[in-house]
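Visitor: Sharing a sequence plus its predicted fold:
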Amino acid sequence: MVEEKRGVGRPRKAQAPDLEQEQVNQQGTEEELIEGTDSSVLYADSSEHSLELQYQGKKWTFYYRDMTWGEKNECVDAAQVWDSGDFSFSISKYYVMALQKMLIRSPVRPITETTLTRLNREIGEALTSIVPNPMEQGTVEAVKKV
């Protein structure tokens, strides 16, 4: 609670701001949205994207597609390691599996765990930039707001 000073005596507790109203104020005005009816727009986009890298004076092009929600969850599940009741998460396993699902065409062939882990660090870091974070912030909060 926010305290508001009044003349002499004890401070009075002010009302907590209405969170929904505060969000509307931050956004300016709330837009009226129409109800969606075409469920096909809810499915993952399977279009092809490209990532061009410059390395040793040459251009290298990697073609990929975005992961679906299910594929991302599969990668997160596979990267979990349980050992005698202890939990750990293998970020390496997550990125390798995600890139295997995402890369369509690549100068690196075949696209395996071995070939991906042997890449130069700069190339590997550039490739991981296209992979979604395993635990994205804001996703849960965005869904809860609806």
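Guide: Perfect, I can see it now. Numbering: from 1, shown residues only.
Visitor: My guess is residue 128 contacts residue 95. True?
Guide: Yes. Residue 128 lies in contact with residue 95 (C-beta atoms under 8 Å); the separation is 5.1 Å. For the C-beta atoms, the positions are set from N, CA and C on the backbone; glycine is no exception.
Visitor: quick one, helices of the protein?
Guide: With DSSP state H as the criterion, the chain has helices at 19-27, 69-78, 91-102, 113-117, 121-128, 139-145.
Visitor: how many other residues sit next to residue 109?
Guide: Around residue 109 there are 8 other residues, counting by other C-beta atoms under 10 Å.
Visitor: check contacts around it.
Guide: Contacts for residue 109 (C-beta atoms under 8 Å, 6 or more residues apart in numbering) come out as residue 115.
Visitor: pull the helix or strand with minimum mean pLDDT from this structure.
Guide: strand 3-4 (a mean of 46; mean pLDDT, DSSP states H and E).
Visitor: doesn't residue 128 make contact with residue 62?
Guide: No. Residue 62 sits out of contact with residue 128 when judged by C-beta under 8 Å, with a separation of 11.7 Å.
Visitor: For these two, indicate the residue with more neighbours.
Guide: Counted by other C-beta under 10 Å, residue 62 and residue 128 do not tie: residue 62 has more neighbours, with 22 against 17.
Visitor: what's residue 134 in contact with, if anything?
Guide: 72, 75-76, 79, 89, 91, 94.
Visitor: Give me the buried entries from those.
Guide: 72, 75-76, 79, 94 (16 or more other C-beta atoms under 10 Å).
Visitor: could you dump those residues to a markdown table with distance to residue 133 and pLDDT?
Guide: A markdown table is the format used below for the buried ones among the contacts of residue 134 (distance: C-beta to C-beta, whole Å; pLDDT from 0 to 100):
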| residue | distance to residue 133 | pLDDT |
| --- | --- | --- |
| 72 | 10 | 95 |
| 75 | 11 | 95 |
| 76 | 10 | 94 |
| 79 | 12 | 93 |
| 94 | 9 | 96 |
